[in-house]
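*Asks:* pasted the sequence and its predicted model underneath.
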Amino acid sequence: MQLDASGLQVLTREECLDLLSSTPIGRIVFTDRALPAVQPVNFYLDGQSIVIRTSIGSKLAAATRRAVVAFEADEFDPELRTGWSVTAVGQAREVTDPDEIAWLAALPLTTWAPGSRDHYIVIEAEHISGRRITTHSTGATTPQRAQG
């Protein structure tokens, strides 16, 4: 197990992909009018591709066409002070090919937001990294609550 300078476990690409596939919510980081923007989205990991459904006229759809974006997902347990975070960077593309749209529509990716979400954005995870914090890696113990 490799640790970084802060004592966090450095995750392999395979571990990062496994963790990404275990959670339905992440955050996409993109540029909106020359400023950084972060938006929570539900997603599906298809191989090494992050698939997002949105509406065709959304700010997210417009901002991510052929743009380099970051994507982050995580999970934490505040009681145990453990968790993980994975970040992927890659080019986002809108899907226009009817065969690919049919393929993506068959994935188990249901949207949480209301309204029509028949536009697909795919991010190819070119660079991916992740860290995990465990009670072992930090030496932390579970805090004890006062009995009253």
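*Replies:* That came through fine. Numbering: from 1, shown residues only.
*Asks:* give the buried residues for the one helix or strand N42 maps to.
*Replies:* Using DSSP states H and E, N42 maps to strand 35-46. Buried residues in strand 35-46, counted by 16 or more other C-beta atoms under 10 Å: 39, 41-45. C-beta here means a position set from N, CA and C on the backbone, and glycine is covered the same way.
*Asks:* cool, stretch 101-108 as well?
*Replies:* Quick answer for stretch 101-108 (16+ other C-beta under 10 Å): L104.
*Asks:* what's the answer for stretch 8-25, then?
*Replies:* Quick answer for stretch 8-25 (16+ other C-beta under 10 Å): 8-9, 11, 15-17, 19-20.
*Asks:* ok, now how distant is G83 from L35?
*Replies:* 28 Å (C-beta to C-beta, to the nearest Å).
*Asks:* quick revisit: could I get the buried residues of strand 35-46 as TSV with distance to A102 and pLDDT?
*Replies:* Formatted as TSV, the buried residues of strand 35-46 follow (distance: C-beta to C-beta, whole Å; pLDDT from 0 to 100):
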residue	distance to A102	pLDDT
Q39	26	94
V41	21	94
N42	20	93
F43	19	96
Y44	15	97
L45	19	97
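*Asks:* is it possible to get JSON lines of those residues that adds distance to I121?
*Replies:* Shown next, in JSON lines, are those (distance: C-beta to C-beta, whole Å):
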{"residue": "Q39", "distance to I121": "11"}
{"residue": "V41", "distance to I121": "9"}
{"residue": "N42", "distance to I121": "12"}
{"residue": "F43", "distance to I121": "9"}
{"residue": "Y44", "distance to I121": "12"}
{"residue": "L45", "distance to I121": "14"}
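*Asks:* quick one: which of the residues you listed is nearest P78?
*Replies:* N42 (22.4 Å; C-beta to C-beta).
*Asks:* close enough to count as contact, the closest one and P108?
*Replies:* No: with contacts counted by C-beta atoms under 8 Å, N42 stays clear of P108, the gap being 11.0 Å.
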